[in-house]
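S.K.: Need coordinates for the below:
(2 chains)
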Number of protein chains: 2
Amino acid sequence: MSMSRSKPSYQHGILTVVARAAGVSVATVSKVVHGRRDVGAETRSRIEALLYEHGYQRSDATPTKPHRFFAVFRDLASPYTLEVVRGIVEAGSRAGLDAVVGTTEHRSIPQWLDACTEPDILGMILVISRMTERDQQRVISKHVPVVLIDPLSEPLPGVPSVGVTDWRGAHDAVEHLLALGHRRIGIIAGRPHTPAGGARLHGYRAALHEAGLEYDSILVRATDFDFAESVGATTELLMLGDRPTAIFATSDAQALGVLEAARALKISVPEELSVVSFDDTSAAAMASPPLTAVRQPFDELGQVATRLLISMAEGTPPVVDRFELATALTMRASTARLDH
Amino acid sequence: MSMSRSKPSYQHGILTVVARAAGVSVATVSKVVHGRRDVGAETRSRIEALLYEHGYQRSDATPTKPHRFFAVFRDLASPYTLEVVRGIVEAGSRAGLDAVVGTTEHRSIPQWLDACTEPDILGMILVISRMTERDQQRVISKHVPVVLIDPLSEPLPGVPSVGVTDWRGAHDAVEHLLALGHRRIGIIAGRPHTPAGGARLHGYRAALHEAGLEYDSILVRATDFDFAESVGATTELLMLGDRPTAIFATSDAQALGVLEAARALKISVPEELSVVSFDDTSAAAMASPPLTAVRQPFDELGQVATRLLISMAEGTPPVVDRFELATALTMRASTARLDH
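M.R.: Residues are numbered from 1 along each chain as shown, chains lettered A, B, ... in the order given. Have a look, this model is predicted:
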């Protein structure tokens, strides 16, 4: 059955009067009435006050208040993504907000952005994804509340992002290996053109440099944050005549690949090879041996991203565009002092 | 600002007329108008036809159609939960539905059930959780569409659940070990009072029985589906004078614990100990060595649960209460022929 809107015309009249009084179009007033947020905070509150003054009555039984947000991932394939899902769901729940979890596999980023205009949607947290410049421009000009977590490319000014201290975390990981006496330290790096991949590689370089060691590109392999690619790259490193005594892997998936490559070559960890990982998801704690790893504060990532989203939806832009949360090194069984 | 409902009284009049004609209360008609689903399918369609006949016009600009559902977990802690999140998000997305992911840590099951009456919510998929009999009675009497995945207790008739062929999968895992020549086979079982834990243990027993082997309770340890508990239990098994040559672990988290216990005791897998897991999440593929495992069809679990939810929301009860999806054994490097 089809049911169409019945709207008394005197209500329509109020919109016109309010639009004139506020110096905006009727369409803008209508947006405010329907709870859409692509109207500046100052304008919105002026219009709402005028609507109230003129006795406008909303036709909805319960005025729609945003109480959901989108948490959108490129995919849900890595151990990392579960921890971020958990951090976001937890933070949303504490703030009384529901998290709609989705991916960009079935719905494109522009489609997700369109869906953000639904009145009950606060905005979107977009995780490890790449946004085109055009989509970012749209986010900025339409004031759609969007927060990025670990974007795959440098975001435009005005699009806030949250991540961790990638450079510092990588630096600390390598410093730990140096303190154990290792000098020949390999790295299974991420893709250097991604912000996280680049910063972690630079952290490795900086720690070596501070220790007076030369950067040796033969010990550096770049792969995706991927298990199988890491098994291949690590096997190459471990087949070198002068093989590394320690490897820093820039994600848990890669570190698990290092363990598997070492096992296949009968090189025991940590006796003959020390391994440090980055992420510290549950996969690191359940590895064999359990991995020493740079911990990403997943709960805090979710909390900071959610809080940013809420304040942006309320009309308060973030103080800065980039938030980096501190990492910490978790010591487990995959690293040992180098015996000469 | 406060905005209250403006409802022309002739519309109210129609509700009264329709209620009389349908032989129901005005409250029931109102429920149908507001898209709530705690009205039987047959009654609802009769009321909708009468509303149409009497020219009732809905006051909403766009009639609310359920386009979201809840996917609620006890927690988001295990590798298993990520795969189920992915399967559900994927299936929902294909059906044009958004998945709101949550846990019972911040909102109780009765609170989630209350939220199911929101007009844009289709219903709820509840994963590895325990529902009280009272909540289940409520689900049945109020016709709230709820589907359970891997419930922790036997559900009441009328509450549909989806799981995998736990008994058959466990049976096949042990049969594989028997075919490799193993006779002394241990099990790191789940809690026997849970449906999945009990069925997997029975599958182990049945395979041994068919091979003419006696069930030896000293080789059987029950833990949660948990890494650390499994490390402890496996260590006990491997310290036995006549230790097992193979272990069947009833989840990936437990199998990773078996690998770690073996590593700590310098028992090499698969040369000295074969290990079969159950789940086959990405953690099994990224283990060292990669685990032979009984695969749960996660995508299909999500699809079947979502389809059931949709048809229940449309008023079609499921044909049967319990759906078990077939498992399959994935062969990897953690099992080998027993050498005498």
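S.K.: Show the contacting residues for residue A:99.
M.R.: A:68, A:69, A:70, A:71, A:88, A:89, A:92, A:93, B:100, B:101, B:102 (Cβ atoms under 8 Å, 6 or more residues apart in numbering or on different chains). Heads up, the C-betas are built off the backbone N, CA and C, glycines and all.
S.K.: Give the buried residues for the strand or helix carrying residue A:86.
M.R.: Residue A:86 is located in helix A:79-94, with elements delineated by DSSP states H and E. Neighbour counts over helix A:79-94 (16 or more other Cβ atoms under 10 Å in any protein chain shown) mark A:79-93 as buried.
S.K.: Kindly provide the distance from the most centrally placed residue in chain A to chain B.
M.R.: What sits nearest the mean C-alpha location of chain A, by Cα atoms, centre = their mean, is residue A:149, with 1.7 Å. Shown here: residue A:149 relative to chain B, a distance of 16 Å by Cβ to the nearest Cβ, to the nearest Å.
S.K.: residue contacts, that residue?
M.R.: Going by Cβ under 8 Å, 6+ apart, residue A:149 touches A:84, A:125, A:126, A:127, A:128, A:161, A:162, A:163, A:301, A:305.
S.K.: Tell me if I am right that the third one is in a strand.
M.R.: Yes: in this structure, residue A:126 lies within a strand as judged by DSSP: H, G, I helix; E, B strand; the rest coil.
S.K.: separation between it and residue B:273?
M.R.: 44 Å (Cβ to Cβ, to the nearest Å).
S.K.: of these two, who's got more company?
M.R.: residue A:126 (29 against 26; other Cβ atoms under 10 Å in any protein chain shown).
S.K.: how far away is the more buried one from residue A:133?
M.R.: For residue A:126, the distance to residue A:133 - Cβ to Cβ - is 15 Å.
S.K.: do residue A:256 as well
M.R.: 35 Å.
S.K.: Comparing the two, which residue is more hemmed in?
M.R.: Neighbours per residue (other Cβ under 10 Å) separate residue A:256 from residue A:133, with residue A:256 holding more: 30 against 10.
S.K.: can you tell me how far the more buried one sits from residue A:85?
M.R.: Counting by Cβ to Cβ, the gap from residue A:256 to residue A:85 is 20 Å.
S.K.: Could you do residue A:107 as well?
M.R.: For residue A:107, the distance to residue A:85 - Cβ to Cβ - is 17 Å.
S.K.: same question, residue A:32
M.R.: From residue A:32 to residue A:85 the distance is 33 Å (Cβ to Cβ).
S.K.: With residue A:250 instead?
M.R.: Residue A:250 is 21 Å from residue A:85, by Cβ to Cβ.
S.K.: Next up, the contacts around residue A:24.
M.R.: A:43, A:47.
S.K.: okay, it: pLDDT?
M.R.: If you check residue A:24, the pLDDT there is 89.
S.K.: Could you do residue A:33 as well?
M.R.: 74.
S.K.: again with residue A:86
M.R.: Looking at residue A:86, the pLDDT reads 93.
S.K.: got the domain boundaries for chain A?
M.R.: Domain assignment for chain A by automatic domain parsing gives A:9-53, A:68-164+A:298-327, A:166-296.
S.K.: and among those domains, the most buried is which?
M.R.: The highest mean neighbour count among the domains of chain A, using mean count of other Cβ atoms under 10 Å in any protein chain shown, belongs to domain A:166-296: a mean of 21.
S.K.: Would it count as contacting chain B?
M.R.: Yes: using Cβ under 8 Å from any Cβ of the partner chain, we find that domain A:166-296 touches chain B at A:227, A:253, A:256-257, A:259-260, A:262-263, A:282-283, A:285-290.
S.K.: In those residues, find the pair that's most separated.
M.R.: Farthest pair in those (Cβ to Cβ) is A:262 and A:282. Separation: 21.2 Å.
S.K.: what are the ranges of the strands in chain A?
M.R.: For chain A, the strands defined by DSSP state E cover A:68-73, A:98-103, A:121-127, A:146-149, A:161-164, A:185-189, A:220-222, A:246-249, A:274-279, A:292-295, A:322-325, A:328-330.
S.K.: quick one: low-confidence parts of the stretch 201-340 of chain A?
M.R.: Within the stretch 201-340 of chain A, the set of residues satisfying pLDDT under 70 comprises A:340.
S.K.: if we take the contacts of residue A:149, which one ends up nearest to residue B:221?
M.R.: residue A:84 (33.6 Å).
S.K.: Beta-bridge partners for the residue lying closest to that closest one once chain neighbours are set aside, please?
M.R.: Distances taken as Cβ to Cβ, 6 or more residues apart in numbering or on different chains place residue A:127 nearest to residue A:84, at 5.5 Å, with adjacent residues excluded. Beta-bridge pairing for residue A:127 (DSSP bridges): residue A:73, residue A:149.
S.K.: Please determine how far residue A:127 is located from residue B:222.
M.R.: 37 Å.
S.K.: Now do the same for the residue lying closest to residue A:210 once chain neighbours are set aside: its pLDDT.
M.R.: Sequence neighbours aside, residue A:175 is the residue nearest to residue A:210 in space, at 7.9 Å (criterion: Cβ to Cβ, 6+ apart). For residue A:175, the pLDDT comes out at 98.
S.K.: so who does residue A:175 touch?
M.R.: Residue A:175 neighbours (Cβ under 8 Å, 6+ apart): A:207, A:210, A:211.
S.K.: ok, so what distance separates it from residue A:185?
M.R.: For residue A:175 relative to residue A:185 (Cβ to Cβ), the value is 10 Å.
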